[in-house]
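> Fold the following.
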Amino acid sequence: MSLKGGKWAYLATWMDLYSRQIVGWEVADNMFESLVRETLEKALLKRRVKAKSGLIIHSDRGGHYISN
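A predicted model of the protein is given here:
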């Protein structure tokens, strides 16, 4: 998304496909891996997901989503 002044902003979101709710989102001025990771961490905290819950995560397989 282009902002006033020609700068860019990047939006990362995680959606709970069962409820169709956005459960985590973050905006940044870069597309670093941390944007995706921190957004996922917020979503997991919001949903109170336990470590061994059988959670399945699906993404568009962009480089940010498959990095270390």
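> Mind listing what's buried along the lengthiest helix in the chain?
Ranked by number of residues, the top helix in the chain under DSSP state H is helix 33-47. Residues of helix 33-47 classed as buried by neighbour count (16 or more other Cβ atoms under 10 Å): 35, 36, 37, 39, 40, 42, 43, 44, 47. Bear in mind the C-beta positions are built from the backbone N, C-alpha and C, glycine included.
> how about those in a markdown table, adding pLDDT and distance to residue 20?
Formatted as a markdown table, the buried residues of helix 33-47 follow (pLDDT from 0 to 100; distance: Cβ to Cβ, whole Å):
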| residue | pLDDT | distance to residue 20 |
| --- | --- | --- |
| 35 | 88 | 23 |
| 36 | 85 | 20 |
| 37 | 86 | 23 |
| 39 | 90 | 17 |
| 40 | 88 | 18 |
| 42 | 90 | 18 |
| 43 | 90 | 14 |
| 44 | 88 | 18 |
| 47 | 84 | 14 |
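> would JSON lines of these with distance to residue 22 be doable?
Conversion of the buried residues of helix 33-47 to JSON lines gives the following (distance: Cβ to Cβ, whole Å):
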{"residue": "35", "distance to residue 22": "15"}
{"residue": "36", "distance to residue 22": "14"}
{"residue": "37", "distance to residue 22": "17"}
{"residue": "39", "distance to residue 22": "10"}
{"residue": "40", "distance to residue 22": "12"}
{"residue": "42", "distance to residue 22": "11"}
{"residue": "43", "distance to residue 22": "8"}
{"residue": "44", "distance to residue 22": "14"}
{"residue": "47", "distance to residue 22": "12"}
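> And these, which is closest to residue 59?
Proximity to residue 59 was ranked across those by Cβ to Cβ; first place goes to residue 36, at 8.0 Å.
> Can you tell me how far the closest one is from residue 49?
According to Cβ to Cβ, to the nearest Å, residue 36 and residue 49 sit 16 Å apart.
> what does residue 57 give?
Summarising the geometry, the distance separating residue 57 from residue 49, computed by Cβ to Cβ, is 10 Å.
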